[in-house]
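Novice: Predicted model and sequence below, questions to follow.
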Amino acid sequence: MTDTRLVVVGAAGRMGRMLVATIADTAGVVLAGATERPGSPALGQDAGTLAGLGAAGVAVTDDAAAALAGADAVVDFSSPAASVALAALAAERGVAHVVGTTGLGEADLAALAEAARRIAVVRSGNMSLGVNLLAGLVRQAAAALGDDFDIEILEMHHRHKVDAPSGTALLLGEAAAAGRGVDLAQRSVRVRDGHTGARGAGDIGFAALRGGSVVGDHSVVLAGAGERLELAHRAEDRGIFARGAVRAALWTRGRPPGLYSMADVLGLA
Ligand SMILES: NC(=O)C1=CN([C@@H]2O[C@H](COP(=O)(O)OP(=O)(O)OC[C@H]3O[C@@H](n4cnc5c(N)ncnc54)[C@H](OP(=O)(O)O)[C@@H]3O)[C@@H](O)[C@H]2O)C=CC1
Ligand SMILES: O=C(O)C1=N[C@H](C(=O)O)C[C@H](O)C1
């Protein structure tokens with residue numbers, strides 16, 4: 001089989017640069033394009049040079065349609081608006097879409113689902129192996145312990161992160177809700193401030209901390225009377241997300257249209 005041709009969206013960003021480096025380091029994939037938003041100072045620069053490698057021979061462009069020509073998959077860690085626009089373009093061009101962007105609203109998710117009628121879309125709030133394994137453990141613990149144990153999800157990220165709770169915290173919340181057989185939207189408490197009253201039985205709480213250079217820390221606390229279980233993941237390097245995303249892109253090759261998760265890619269679903 002020929003090398004899988006990948007386009008990196010947001011190539012000058014923290015994840016974009018890590019993706020370019022990971023693609024250079026992975027057999028069977030090749031960087032076919034790199035995009036940034038119109039007006040970005042990165043436009044015209046070599047994506048490999050931006051990633052701290054030698055020149056890759058791929059200039060960063062704001063012309064996503066041109067970048068997608070001949071590509072097999074586009075790997076996208078950018079912004080909700082950019083991901084939604086790209087999903088429509090990828091669907092039109094028959095290019096698989098791997099979406100790591102978080103902070104997506106309901107309308108954004110609906111737009112991705114629409115694109116997934118025509119192409120393979122893999123979306124996950126966290127592309128690492130560890131977090132996707134953790135989600136299975138959280139689901140199992142929530143099912144085993146039941147409503148007598150209060151579930152709280154804590155996350156901490158670097159000072160530049162713009163969305164909260166993190167995509168990972170929401171993914172873990174979904175896992176907890178699935179374990180309990182409830183709808184997360186009905187049970188989540190995302191903010192507490194002032195005289196909130198006592199905690200509601202069955203609530204799933206979230207707390208978000210921001211500061212420094214933290215790559216991504218997540219803990220799920222299941223607090224019962226007299227004992228507390230804590231399940232945690234600490235990301236030390238963005239390479240774990242980039243490797244997962246490239247693995248997902250390879251997995252889409254020849255895959256029928258549909259909306260997939262990292263659990264599908266990793267065989268954990
Ligand atoms: N699912 C997962 O495993 C992970 C998900 N993420 C998520 O990925 C996203 C990006 O994170 P991170 O790399 O830290 O953020 P950055 O802000 O460093 O990178 C995002 C990049 O996308 C660029 N961008 C914005 N609009 C467009 C556009 N229309 N076309 C092309 N590029 C565009 C930004 O440009 P500019 O800055 O000039 O606006 C920026 O360079 C976030 O939503 C984050 O939560 C992060 C890590 C892991
Ligand atoms: O913005 C980040 O950095 C990260 N975002 C993802 C999230 O929102 O969970 C994944 C990871 O934690 C890093």
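Specialist: Now that the structure is in, tell me what you want to look at. Ligands and ions are numbered 1, 2, ... in the order given.
Novice: For the residue lying closest to Glu230 once chain neighbours are set aside, list the residues it contacts.
Specialist: Excluding the flanking residues, the one nearest Glu230 by Cβ to Cβ, 6 or more residues apart in numbering is Val221, at 5.2 Å. Heads up, the C-betas are built off the backbone N, CA and C, glycines and all. Residues counted as contacts of Val221 (Cβ atoms under 8 Å, 6 or more residues apart in numbering) are 150-154, 228-230.
Novice: Show the average pLDDT along the helix or strand that contains Val221.
Specialist: Assigned by DSSP states H and E, Val221 belongs to strand 216-223. The predicted model gives strand 216-223 an average pLDDT of 98.
Novice: does ligand 2 sit close to that strand?
Specialist: Yes: using Cβ under 6 Å from any ligand atom, we find that strand 216-223 touches ligand 2 at Gly216.
Novice: Pairing partners for that strand, with directions?
Specialist: strand 150-157 (antiparallel), strand 228-235 (antiparallel) (DSSP bridges).
Novice: Looks to me like Leu137 is in a strand.
Specialist: No: Leu137 sits outside any strand when classified using DSSP: H, G, I helix; E, B strand; the rest coil, being helix.
Novice: ok, which stretches of this protein are strands?
Specialist: 4-9, 29-35, 73-76, 96-99, 120-123, 150-157, 188-189, 204-210, 216-223, 228-235, 258-260 (DSSP state E).
Novice: Also compute the angle for the first one relative to strand 29-35, please.
Specialist: With axes from the mean of the first three to the mean of the last three Cα atoms, to 10 degrees as the criterion, the two stretches strand 4-9 and strand 29-35 enclose an angle of 30 degrees.
Novice: so how far is strand 4-9 from its chain's centroid?
Specialist: 16 Å (Cα atoms, centre = their mean, to the nearest Å).
Novice: Same question for the fourth one.
Specialist: Centroid separation for strand 96-99 versus its chain: 11 Å, with Cα atoms, centre = their mean.
Novice: Check stretch 262-269 too.
Specialist: 14 Å.
Novice: which parts of the stretch 51-200 of the chain sit against ligand 2?
Specialist: Counting by Cβ under 6 Å from any ligand atom, the stretch 51-200 of the chain sits next to ligand 2 at 102, 125-126, 157, 161, 166-168.
Novice: Turn these into a markdown table, columns for pLDDT, distance to Ala110 and neighbour count.
Specialist: Converted to a markdown table, those look like this (pLDDT from 0 to 100; distance: Cβ to Cβ, whole Å; neighbours: other Cβ atoms under 10 Å):
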| residue | pLDDT | distance to Ala110 | neighbour count |
| --- | --- | --- | --- |
| Thr102 | 98 | 16 | 24 |
| Gly125 | 98 | 17 | 25 |
| Asn126 | 98 | 21 | 27 |
| His157 | 98 | 26 | 25 |
| Lys161 | 98 | 24 | 18 |
| Ser166 | 98 | 21 | 24 |
| Gly167 | 98 | 17 | 21 |
| Thr168 | 98 | 22 | 27 |
